[in-house]
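> sequence plus predicted model, see below.
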Amino acid sequence: MNQTRPKAKLSRALGIPLVPKHVKYFERRPYPPGVHGRARRKTSDYSVRLREKQRLRAQYNISETQLRRAFEKAKRHGGQLLIDLECRLDALVVRAGLARTIYQARQLVSHGHITVDGRKVDIPSYRVRPYQTIGVRERSRATHPFQLAAAGAHAPAVTAPYLSTSLENLTTTLIRDPQRAEIPVICEEQLVVEFYSR
């Protein structure tokens with residue numbers, strides 16, 4: 001995504017905690033960063049849609065090009081944008097509790113630690129299909145991040161109902177496509193659609 005600003009400031013600017021530890025920053029400073037963070041800002045229809053689009057980008061840690069491409073693909077094939085994004089390999093690694101954040105998940109996939117149906121996949125945007133199984137490479141299982149994951153350190157508070165996960169075995173299977181209500185992403189999809197359709 002090539003975000004150069006600190007993630008805590010980005011979280012405050014977007015109004016959502018991008019990683020669990022950012023929740024405490026909102027408790028201390030529940031307003032955007034910067035000199036004018038406490039001032040009331042005028043909002044236009046465009047700014048509301050832009051912010052919603054930026055929120056979605058940040059939560060999946062993807063670039064503008066990737067998000068636009070995903071939107072065009074969903075539009076062409078009659079799919080839903082959020083469901084397609086949720087089936088990305090890096091997103092499912094997080095939902096299963098194999099990684100703590102989307103940033104860590106992207107790194108673990110890129111470094112070749114993750115497999116799909118037993119074959120190494122190092123593309124974070126890889127689209128996982130129902131009944132495919134995500135796992136951790138045998139030689140990576142003894143590393144510290146995966147030892148923590150196996151102990152349940154990254155397990156989400158609410159288990160994703162579209163995944164069948166065994167943290168002890170460091171595997172998860174996508175048993176079906178997720179439904180919008182089950183996706184733990186803060187976003188009004190319609191505003192993103194309106195942003196790209198303008």
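Okay, I see it.
> what is the neighbour count of Ala105?
When counting by other C-beta atoms under 10 Å, one arrives at 25 neighbours for Ala105. The way it works is simple: take the backbone N, C-alpha and C, and place the C-beta from them, glycine included.
> pretty sure it sits against Leu98.
Yes - between Ala105 and Leu98 there is a contact under C-beta atoms under 8 Å: 7.3 Å.
> all strands for this structure, in order.
Along the chain, counting by DSSP state E, strands occupy 114-116, 119-120, 133-136, 163-166, 171-174.
> how far away is Ser197 from Gln132?
Using C-beta to C-beta, to the nearest Å, we find Ser197 at a distance of 32 Å from Gln132.
> more neighbours: those two, which one.
With neighbours defined as other C-beta under 10 Å, Ser197 and Gln132 compare such that Gln132 has more, 18 against 9.
> returning to what we had before: what about the strands of the chain, which gets the closest to Pro145?
Shortest distance between Pro145 and the strands of the chain, using C-beta to C-beta, is found for strand 133-136: 9.4 Å.
> flag every buried residue along that closest one.
Neighbour-count burial for strand 133-136, counted by 16 or more other C-beta atoms under 10 Å, picks out 134-136.
> same question for stretch 128-147.
Of all the residues in stretch 128-147, those buried under the rule 16+ other C-beta under 10 Å are 128, 132, 134-136, 140, 145-146.
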